[in-house]
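In: okay, sequence plus prediction incoming.
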Amino acid sequence: MAASEDYYDILECAPHTTQADIHTNYRRLAKHHHPDKTTQSSQWESIRAAYEVLGNEKLRAQYNRWRASKLPISFEKYQSTVQAHAVHWNFSNQRAIQGPKASTEGWWKMRERGNQVDVYERFRNYEI
């Protein structure tokens, strides 16, 4: 697909078009341009590729983000970049949840004795 081709233009619809209308436009274009129907049409591959993206809501959302970003790369390259660079946070120095005596059992015993611990203060001080 050339960089100037837009999937919405190929399927002759607008970005706010519903999935049902996209499907209807695809069926109409497929009847006219399918290789089994005519031998002169060279648009079938671009119509099929456009429907594969716009017919799937997840891919359509990615395509809309790519269009809005106006990046100078193709959608296929953008799509592979998005899938390859998922962010996974990994913290090796996470604090363990500890009560006053390094266990939650100690906190419950302390609470039973009437010593109310301010939960908000414990949270703010990274104790829980």
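Out: Cool, the structure landed. Predicted model, so just to flag it, every value in this text is computed and none were measured. Residues are numbered from 1 along each chain as shown.
In: how far away is Ile22 from Thr38?
Out: With distances taken as Cβ to Cβ, to the nearest Å, Ile22 is found 22 Å from Thr38. Where C-beta positions appear, they are placed from N, C-alpha and C, glycine not excepted.
In: any weak-confidence spans in the chain?
Out: Within the chain, the stretches with pLDDT under 70 are 1-4, 83-118, 120.
In: check which helices and strands the lengthiest helix in the chain is in contact with.
Out: Longest helix in the chain, counting residues (DSSP state H): helix 19-33. Contact analysis of helix 19-33 by 3 or more Cβ pairs under 8 Å, 6 or more residues apart in numbering; DSSP states H and E lists helix 44-54 as its packing neighbours.
In: tilt between the helix it packs on and helix 19-33?
Out: Orientation check (axes from the mean of the first three to the mean of the last three Cα atoms, to 10 degrees): helix 44-54 against helix 19-33 gives 170 degrees.
In: got the CA coordinates for helix 44-54 in CSV?
Out: Extracted in CSV, the C-alpha atoms of helix 44-54 (Å, rounded to 0.1, in the frame of the first residue of the first chain):
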residue,chain,number,x,y,z
TRP,A,44,-8.8,-6.0,-4.8
GLU,A,45,-5.7,-6.3,-2.6
SER,A,46,-5.9,-2.8,-1.2
ILE,A,47,-9.7,-3.2,-0.5
ARG,A,48,-9.1,-6.5,1.3
ALA,A,49,-6.2,-5.0,3.4
ALA,A,50,-8.3,-2.0,4.3
TYR,A,51,-11.2,-4.2,5.4
GLU,A,52,-8.9,-6.4,7.5
VAL,A,53,-7.9,-3.3,9.5
LEU,A,54,-11.1,-1.3,9.6
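In: what residues go with each domain of this structure?
Out: Taking automatic domain parsing as the criterion, the chain consists of the domains 7-84, 95-128.
In: just the ones you listed: most buried one?
Out: Highest mean neighbour count of the domains of the chain: domain 7-84, a mean of 14 (counted as mean count of other Cβ atoms under 10 Å).
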